[in-house]
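[1] Pasting a predicted model and its sequence here:
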Amino acid sequence: MATEEMRAIEAILMQATDPIEPNLLAQLLEVSPARVEEMCNELSASYDAEDRGFVLVRVAGGYRFQSHPDLAAYVERFVLEGQSARLSAAALETMAIVAYKQPVSRAQVSAIRGVNADAVMRTLQQRGYIDEVARDPGPGQAVLYGTTTMFLERLGIDSVDDLPPLGDFVPGPDVMEAIERGLTAEAE
């Protein structure tokens, strides 16, 4: 049975466009942040039990409603109908570099990618996935970039710490050795 406070959380989250931090919900409801966490967990469990088309998730440091993951195909069709705003492979690669290496400069991203990344970085910044987070204290004081809250929201994660470890994507030493042997054999 939902309490008035739980109903208030639902009402607030329905109006919010960004995730709402538990501390703000606690202030609005005049309860402790721990109580907010408890109520959000109860609400989330009840939506799961009812097999609703939406879920209450903790993402980017706060709570928000989003469509149930198993209905992604329907939502994708709705959102992308008539749109072709997908990110290119270069943009996805650049975004991954920023996410894992942040804070990082354009020059560092370009060095890692092996091509000039300025245009792709501008596109990602315009779309709100990356932004300026600091200045390099060294010569030239290059602008350093990091991911944004929108990036976390789109990935459905609470923080960059929730990204999978890079080791999961890197071949082991035996595979690297085999690749190197193959490359030196072709060069001869």
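    Yep, that arrived. As the structure is a computational prediction, the values presented were derived from the model and not from experiment.

[2] which outside residues touch stretch 104-114?
    Stretch 104-114 has contacts (Cβ atoms under 8 Å, 6 or more residues apart in numbering) with 90, 93-94, 97-98, 101, 116-118, 121, 136, 142-146. Quick note: C-beta positions are derived from backbone N, CA and C, even for glycine.

[3] Give the buried residues for it.
    Val104, Ser105, Arg106, Gln108, Val109, Ser110, Ile112 (16 or more other Cβ atoms under 10 Å).

[4] same check, this time on stretch 34-51
    Going by neighbour count (16+ other Cβ under 10 Å), the buried part of stretch 34-51 is Val36, Met39, Cys40, Leu43, Tyr47.

[5] Tell me which residue lies nearest the centroid of the chain.
    Leu152 (2.4 Å; Cα atoms, centre = their mean).

[6] Assumed that residue was part of a helix.
    Yes. Checked against DSSP: H, G, I helix; E, B strand; the rest coil, Leu152 lies within a helix.

[7] So which of the buried residues of stretch 104-114 belong to helices?
    Among the buried residues of stretch 104-114, the members falling in helices are Arg106, Gln108, Val109, Ser110, Ile112 (criterion: DSSP state H).

[8] Relative to Ser44, how far out is the nearest residue to the third one once chain neighbours are set aside?
    Counting by Cβ to Cβ, 6 or more residues apart in numbering, Val109 lies nearest to Ala117, which is 4.4 Å off, once chain neighbours are set aside. Computed as Cβ to Cβ, to the nearest Å, the Ala117 to Ser44 distance reads 39 Å.
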